[in-house]
Every structure is written in structure tokens, then in C-alpha cells.
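S.K.: fold the following.
(one chain, ligands or ions: 1)
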Amino acid sequence: MVDLSLDLGQPHSHLVHVSLRCTPATPVLRLRLPAWTPGSYLIRDYVRHLEALEIRQGTQSLQLSRTEPSGWRLELPSLEPIEIHYKVLAADLSVRTCHLDGDHGFLALAALALQVEGERWSPHRLSLRLPSGWQAFVPLPLQADGSWLAVDFDQLVDTPVEAGPHRDHTFTVAGVPHRWVCWDATAPADAAPDSLIKAHPSLLQDVAAVCEACCRLMGEPAPAAPAYLFVLHLLDQGYGGLEHDSSTVLQFGRQALLKPEGYRQLLQLVAHEYLHQWNVRRLRPAALCPIEYNKPVIVPGLWFAEGVTSYCDQLLPHLAGLSSEEDVLHDLGRDLSRYLLTPGRIAGQSLRQSAEEAWVKLYRREANSDDNQISYYLKGAIVSLALDLELRRSGSCLAQVLRDLWARLGQWGRGYREQDLLEAFCARSPGLAKCLPAWLDGCEDPDLPAYLQDVGLMLEPQLASSPHVGLTASLQGGTLEVVRVVRGGPSQEAGLVVGDELIALEGLRLRKPEDLAPLLQAGGRQAITISRRGRLRTLVITAGAPAIERWRLLVDPAAAPEALERRREWLGVVPC
Ligand SMILES: [Zn+2]
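M.R.: Have a look, this model is predicted:
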């Protein structure tokens, strides 16, 4: 048994005081802090927030030697119990980091829990000390003494901890208890904590309906988890989620929620993370069995884990009866357009490369990312659309393949390799033996027009109303700065680069992005004065013909009745 005690009693310091107690099994003690957290494929070096590490055995203070940035070693004088104390700075507000202040505390335990070598598969007991008036929301079994018990280190790290003066709401899905807790960072401290439910009185029923739709999609009578916790951080702006076996942490922006499609997007996020309960958490890539917490692991199957889930998350609110066919087509059309307008899908990465390079590219986006990469979420979702429609030509569908993989591997805790995915797809549609490897390894798009035609839809390009310049600028610290230059576009041809400060257009001062309108509207050749590394220079941009601004997904008015019937079945999602 390893005991982990977290003291959140001084929230304004942002410091979590950690105490770890165990009885060593061997005279050599090795400790490591995870460098990343599962579900977010970036080495975060959580150790940079750890301070004042000390270890004691009885009354004796012992000296640890560092073996790596996140690791320590120590030869113990005896096998008597040890106590380890340290502090962790919790000042980073995201779903995969720690944040503690006077309003709430959120703990991603990968950033806090030292792993004691040899104790990975031992039970870990978690205790919390909270400021008065706070309560904790922890997706682990609560013990009689007020602590929580994880069966092993992996379950501990898979446990997000939310604490604060908020309250939770409960509902059930197929008899399984679910809790919903929202920390509303945008509400005044003395406001009622359930302002989101006040604004959306059907929220809990809608979330439950989405959860039930996920179970139906998986062909399961009940969720995979024995109990489930939703934690929502409602911020002014923000978006994200992190999946866990029995919980999820969501981040959503109030400003986005005010938009017409905002509530639907929140339900899609709920669907996405809830479906991960199966796809990626329990139906898991073999490369993540078991998880290596201190090094990046190449996971080629991330396209399946995230792409299939992203594709399904748009359909699930519809399956739950909470969005219309028009909504689904609107959201799908937006993703198709974003995909088709990303040059990196052709010149940058294949889908497999995108998954394999997650650690160094997707989570580290910069100005040129659209030119040299394509998100495995986005392309994964588009390929999933093509897979679903291809499978439907053979009388099957994507949900059926998910169910097959769950039945054969996921429910038994067996990780899947790429060959398993290929076999599962080909078993339902032999033609995919050729298509799928090409979609994974090549940069050619699936035949999207043909697949969409199957269900009576078509894509239509829409040209921009102004000439093509290939330049995006925004105010950065009070100056108008180039933030994107389209590769091979007129601005790049003219010599502009990201970071240039835009000073004047045809001798007229530029101060804000809207001042560039004459450049966009007039076209032709125009002189633009910039400052680069403090030196002024003037470049000439020759605008090109208007480029495609977006792609619209439209219902084909000439579609045959069979196509309309196929569309109805497709949006029904569940296999016949
Ligand atoms: Zn995801």
C-alpha cells in the first residue's frame, strides 16, 4: 500500500503539499514522477513544478540522488516505513495540469504522484485536506475513513481530482451512477454554483441521453465504467477534454456556449470523452499496454482512437435525439471544409505520420503547422467518414467494426495493433484491404465526392470575394504582425515572413488588421512597408485570383430515393 496525502489548505499559494508514505520492499528505492499524462501526447516534464523534495525514515533525514530529471535513487538503511514530502506548484489551468487557487483546485495526479519502483501494481490510498467549505469530487471508491482507494498506480494517475465549494448533480445511465460537477470560473464567487443548469435546464437529461446513445453505438447495455464522473471547467474561453476510465474533465468557454451551436458542441464534447471510455481507454492501442509514463511512445493507432471518436461525436447527439440532420450536416461540412483547406494534408503528413508525430507536432503547433501537418483528429474523422460509407456499401458500418474490436480485444483488456484494425475492417469490407493502407500512408484524399454521393450529398467550393494574398495579420502587443503566410502564396512570393511588423500599405499607415482591406479588395500590385528585426523595408505583393474560401456540404437535389434512404440509415448510426 502506498499512501498519498495532498494538502490543499493554502490555495492562494498555488502549492499542493504532498506526503507519500510506504514501506519499502527492497533496500534500493527508486522514485519517478510521470513526464506526461495519458490522453495528451506531449512530454510535459511535470517535475518542473516539484520543489522541496525530502525523504525521512523514522527520525532520520535521507539524501536522494537524482538519476534523471524526473527520477531519484536512494540506498535505504533499513526496510522501515519511509515518508516523502514535497510541494507541487499548481498554477496551470488545463485538463491535464494542476490548478489551485481560492476558487477551486484541480489535480491531474500524473503531475503529483511519485511512482515508487516495485509498487506500480500495489493499492494506492489517496487522502485530501481541503479548505473549509470545499468538497472533493474523486472518481474512486470512497473508504470509511474518508480516503479513496485506487487498485494500483495506473488507476491513481487516471484519477482527476476536482475540489471546491461547488456541488455535484447525479443521474443514472442504465442503472450506473453518474455525477456531474461544474466549476463555473465565470460566475461571481457568491453565485449559485449551478448556473449552467439554470441556463440549460435539460442539461443533465441531455447528457444522460448522449451517454445512452454511446452505449447504443457500442451495442452495450450499460457503460463500461461501474460509476462515472463528469467534471466541467466553464471558463470565459477555452475548449478541451481529457478521457479517463471512469471520468472525464471538460473545459468549455462561456462565450462559445452563448453561440447557437455552442450547446451542441458541449454535448459533442461530452459524447467524445464518454465514447473514449471504450475507444482508447479500454479498447487501447497495444503501444499503451502498459503505459510508459516517462517517455514518449509511438502510437500509430491514434488516428483510430481520436479520428473515429471525433467522427462519432458529431453523430451521437443526433442519435440521442438532440440535434437535427441539418445540424449534423452543418458540423460535418465545417470539418470537411477545414480538412480540404489544410495544405499540410497533401504536402505535409500522412495520417499515420500525424499519429506517430503527435508528440512533436500536434501539441506544438506554430505558424507553419497548417503547411506541414494534418491533425490525426481531423483527418482521422474524415477517413472515418469514408470508412463508414465504404463499410455501408458492404452492408456494415463503422460502429459494427468498433463493436467487433471491443468484443474481440477491448473487453478482454487486450491492446490492438494495426494489423488487428486492418483485419477488423477487412472482415466487414474486403475492399478496405487496399483502401485503408493507402489512406493511412498516402497523402491522397479518399474519394469523398463519391462517398458523399452515396448518401445524397455533395461538396461545393466557395470562392473568396477578394483576391488571394495568403497573409494573416493580427495585433500582437500593440503592433500589427504577420502571423501566417500561406506557403507558395503571393505574400510569400513577395518575401513576407511570420513575425514581420506591418507598417504601411501604399504609404498609408497600418494599425489594425482591418486596415489591410484595401490590399485584399483592390488586388494587383501593392507596396507594403514592414519592419523586420528593427529595419524598415518595402515589398511588393501581387495578389492572385480569389482562392477557395470554404467548402459547403449540400444536399444533392438530384439524389435518388435510394441515396436518401442510405442517408437516413447512415445518420441512424447503429447497425441494422
Ligand atoms: Zn479524444
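S.K.: any idea how far residue 115 is from residue 80?
M.R.: Applying Cβ to Cβ, to the nearest Å, one obtains 21 Å for the distance of residue 115 from residue 80. Yep, even glycine has a C-beta here, placed from its N, CA and C like the rest.
S.K.: next up, the contacts around the nearest residue to residue 480 once chain neighbours are set aside.
M.R.: Here the nearest residue to residue 480 in space, its sequence neighbours aside, is residue 502; by Cβ to Cβ, 6 or more residues apart in numbering that works out to 4.5 Å. When contacts are counted by Cβ atoms under 8 Å, 6 or more residues apart in numbering, residue 502 touches 473, 480-482, 510, 516, 528-530.
S.K.: and residue 115 and residue 80? Which one has more around it.
M.R.: In terms of neighbours (other Cβ atoms under 10 Å), residue 115 is the more surrounded of residue 115 and residue 80; the figures are 24 against 11.
S.K.: what sits closest to the more buried one if chain neighbours are left out?
M.R.: With Cβ to Cβ, 6+ apart as the criterion, residue 115 has its nearest non-adjacent residue at 5.0 Å, and that residue is residue 32.
S.K.: what do you get for residue 246?
M.R.: Excluding the flanking residues, the one nearest residue 246 by Cβ to Cβ, 6+ apart is residue 225, at 4.0 Å.
S.K.: assumed the one you found was part of a strand.
M.R.: No - with DSSP: H, G, I helix; E, B strand; the rest coil as the criterion, residue 225 is located in coil rather than a strand.
S.K.: the host helix or strand of residue 21: which residues count as buried?
M.R.: Element membership of residue 21, judged by DSSP states H and E, is strand 15-22. Of all the residues in strand 15-22, those buried under the rule 16 or more other Cβ atoms under 10 Å are 15-18, 20-22.
S.K.: got it, and stretch 23-31?
M.R.: Counting neighbours by 16+ other Cβ under 10 Å, one finds that the buried residues in stretch 23-31 are 24, 29, 31.
S.K.: what backbone torsions are found at the second one?
M.R.: Which is residue 29. phi -100, psi 130 (degrees, to the nearest 10).
S.K.: mind checking the SS state of the nearest residue to it once chain neighbours are set aside?
M.R.: Ranked by Cβ to Cβ, 6+ apart and with sequence neighbours excluded, the top spatial neighbour of residue 29 is residue 74, at 4.6 Å. Residue 74 carries the three-state label strand when classified by three-state DSSP.
S.K.: let's have the contacts of residue 502 in JSON lines, adding pLDDT and secondary structure.
M.R.: Shown next, in JSON lines, are the contacts of residue 502 (pLDDT from 0 to 100; DSSP: H, G, I helix; E, B strand; the rest coil):
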{"residue": "473", "pLDDT": "95", "secondary structure": "strand"}
{"residue": "480", "pLDDT": "96", "secondary structure": "strand"}
{"residue": "481", "pLDDT": "97", "secondary structure": "strand"}
{"residue": "482", "pLDDT": "96", "secondary structure": "strand"}
{"residue": "510", "pLDDT": "95", "secondary structure": "coil"}
{"residue": "516", "pLDDT": "88", "secondary structure": "helix"}
{"residue": "528", "pLDDT": "95", "secondary structure": "strand"}
{"residue": "529", "pLDDT": "97", "secondary structure": "strand"}
{"residue": "530", "pLDDT": "97", "secondary structure": "strand"}
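S.K.: name the nearest of these relative to residue 93.
M.R.: Closest approach between the contacts of residue 502 and residue 93, by Cβ to Cβ: residue 481, at 26.1 Å.
S.K.: tell me, how many residues neighbour the closest one?
M.R.: For residue 481, the number of neighbouring residues by other Cβ under 10 Å comes to 19.
S.K.: ditto for residue 94
M.R.: Residues lying near residue 94 (other Cβ under 10 Å) number 17.
S.K.: in the stretch 151-300 of the chain, which spans are strands?
M.R.: Taking DSSP state E, counting those that start in this stretch as the test, the strands found in the stretch 151-300 of the chain are 160-164, 168-173, 176-184, 228-235, 239-243, 247-253.
S.K.: for the buried residues of strand 15-22, which one is nearest residue 448?
M.R.: The nearest one, if we look at the buried residues of strand 15-22 relative to residue 448 and count by Cβ to Cβ, is residue 16, at 48.5 Å.
S.K.: tell me if I'm right that that closest one and residue 108 touch.
M.R.: No - taking Cβ atoms under 8 Å as the contact criterion, residue 16 and residue 108 are not neighbours in contact, 11.1 Å apart.
S.K.: now the common contact residues for the two.
M.R.: Contact criterion Cβ under 8 Å, 6+ apart; residues bridging residue 16 and residue 108 by contacting each: residue 98.
S.K.: excluding chain neighbours, give the residue nearest to residue 338 in space.
M.R.: Take residue 338 and drop its neighbours on the chain: the residue closest to it by Cβ to Cβ, 6+ apart is residue 378, 6.4 Å away.
S.K.: check residue 364 too.
M.R.: Distances taken as Cβ to Cβ, 6+ apart place residue 42 nearest to residue 364, at 7.2 Å, with adjacent residues excluded.
S.K.: double-check that neighbour against residue 361; I have them as touching.
M.R.: No - in this structure, residue 42 sits apart from residue 361 without contact. The criterion is Cβ under 8 Å, and the distance is 10.2 Å.
S.K.: which one of the two has more residues nearby?
M.R.: residue 361 (21 against 16).
S.K.: which of the helices or strands spans that one?
M.R.: Under the criterion of DSSP H and E, residue 361 resides outside all helices and strands.
S.K.: so where's the stretch 51-200 of the chain shaky on pLDDT?
M.R.: Low-confidence segments of the stretch 51-200 of the chain, defined by pLDDT under 70, span residues 189-193.
S.K.: what distance separates the helix or strand containing residue 538 from the centre of its chain?
M.R.: Remark: residue 538 resides in strand 535-542, with elements defined by DSSP H and E. The chain centroid and the centroid of strand 535-542 are separated by 40 Å under Cα atoms, centre = their mean, to the nearest Å.
S.K.: start at 34 instead
M.R.: Shifting the count to begin at 34 puts that one at strand 568-575.
S.K.: so what secondary structure elements neighbour whatever helix or strand comes next after it?
M.R.: Using DSSP H and E, the helix or strand that follows strand 568-575 towards the C-terminus is strand 581-588. The contact analysis (3 or more Cβ pairs under 8 Å, 6 or more residues apart in numbering; DSSP states H and E) places strand 581-588 against helix 358-373, strand 490-496.
S.K.: let me know the angle separating strand 581-588 from helix 358-373.
M.R.: Using axes from the mean of the first three to the mean of the last three Cα atoms, to 10 degrees, one finds that strand 581-588 and helix 358-373 are set 150 degrees apart in direction.
S.K.: compute the inter-axis angle for strand 581-588 and strand 490-496.
M.R.: Using the same axes, to 10 degrees, strand 581-588 lies at 160 degrees relative to strand 490-496.
S.K.: for this structure, what are the low-confidence residue spans?
M.R.: Counting by pLDDT under 70, the chain contains low-confidence ranges at 222-226, 607-609.
S.K.: so where's the longest helix in it?
M.R.: Once the chain is assigned using DSSP state H, the helix that runs over the most residues is helix 409-426.
S.K.: buried set for that one?
M.R.: Along helix 409-426, these residues count as buried under the neighbour rule (16+ other Cβ under 10 Å): 409-425.
S.K.: that one: what's the following helix or strand?
M.R.: In the C-terminal direction from helix 409-426 (assignment by DSSP H and E), the next one is helix 431-441.
S.K.: ok, and what's touching that following helix?
M.R.: Counting by Cβ under 8 Å, 6+ apart, helix 431-441 makes contact with 250-253, 311-312, 315-316, 341, 344-345, 417, 420-421, 424, 449, 453-454, 457-458, 460-461, 606-608, all of which sit outside it.
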